[in-house]
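Undergrad: coordinates only, sequence not included:
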């Protein structure tokens, strides 16, 4: 993971298991977010801000996000 996007522990040290968008200051930024909500949020972000076709954004989101540590715990 790019160090610029690494999450942080409560003491400000890097928490490389999570990105800064999901984990800051030792806690999840949206603790009530479900896996499906995260997938939908990712599809929207990728297609709106990163130039991905919606179909490609959906394929990647559904392929990658469920395997991330947060969603396997």
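TA: Okay, I see it. It should be emphasised that the depicted structure is a prediction, and the values quoted were computed from it without experimental measurement.

Undergrad: which residues are contacting the longest helix anywhere in the chain?
TA: For the chain, the helix with the greatest residue count under DSSP state H is helix 35-49. Applying C-beta atoms under 8 Å, 6 or more residues apart in numbering, the external contacts of helix 35-49 come out as 33, 52-54, 56-58, 60-62, 65-66, 71. (Each C-beta comes from the backbone N, C-alpha and C, glycine too.)

Undergrad: Could you rerun that using 6 Å?
TA: Here helix 35-49 makes contact (C-beta atoms under 6 Å, 6 or more residues apart in numbering) with 52, 54, 57-58, 61-62, 65, 71.

Undergrad: Closest one of those residues to residue 10?
TA: Nearest to residue 10 out of the contacts of helix 35-49 is residue 71 (C-beta to C-beta; 22.0 Å).

Undergrad: what's the domain layout of the protein?
TA: 1-30, 33-73 (automatic domain parsing).

Undergrad: Mean pLDDT lowest where, among those domains?
TA: Among the domains of the chain, domain 1-30 carries the lowest mean pLDDT, at a mean of 88.

Undergrad: Find the centremost residue of this structure, please.
TA: The structure's the chain has its C-alpha centroid closest to residue 22; by C-alpha atoms, centre = their mean the separation is 5.4 Å.

Undergrad: dump the residue contacts of that residue.
TA: Contacts of residue 22 (C-beta under 6 Å, 6+ apart): residue 29.
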